[in-house]
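A.B. asks: Any chance you can model this:
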Amino acid sequence: MFNGTNSDARAQKIYKNWLKHHEGSDKITGSKSADTRAALVEYFKEQGRLPPKRA
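C.D. replies: Numbers count the residues shown, from 1 in each chain. Alright, predicted model coming up:
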């Protein structure tokens, strides 16, 4: 499940980097909430790590 405001500093940095990376492409919808979500999902797919599972 994907949930939350995504307004913290880390999420905003990921979003701004995503905008720069996809500038001029059709990936940017113009909806900040939709684009933030896309940026975070892409970041997680490419770079995200889950913490180790607790015993």
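A.B. asks: elements contacting the longest helix along the chain?
C.D. replies: Secondary structure of the chain per DSSP state H: the longest helix is helix 32-47. Secondary-structure packing of helix 32-47 (3 or more C-beta pairs under 8 Å, 6 or more residues apart in numbering; DSSP states H and E): helix 9-21. Any C-beta I mention is one placed from the backbone N, CA and C, and that applies to glycine too.
A.B. asks: Give me the buried positions along the helix it packs on.
C.D. replies: Residues 11, 14-15, 18 are the ones in helix 9-21 that count as buried (16 or more other C-beta atoms under 10 Å).
A.B. asks: Show the pLDDT at the residue lying closest to Asn17 once chain neighbours are set aside.
C.D. replies: Nearest residue to Asn17, sequence neighbours excluded (C-beta to C-beta, 6 or more residues apart in numbering): Ala39, at 7.7 Å. Ala39 is assigned 96 on the pLDDT scale.
A.B. asks: Make sure Ala39 is actually in contact with Trp18.
C.D. replies: Yes: taking contacts as C-beta atoms under 8 Å, Ala39 lies within contact range of Trp18: 3.4 Å.
A.B. asks: Okay, the residue nearest in space to the middle of the chain and Arg54: tell me how far apart.
C.D. replies: Taking C-alpha atoms, centre = their mean as the criterion, Leu40 is the residue nearest the geometric centre of the chain, at 1.5 Å. Leu40 sits 24 Å away from Arg54, going by C-beta to C-beta, to the nearest Å.
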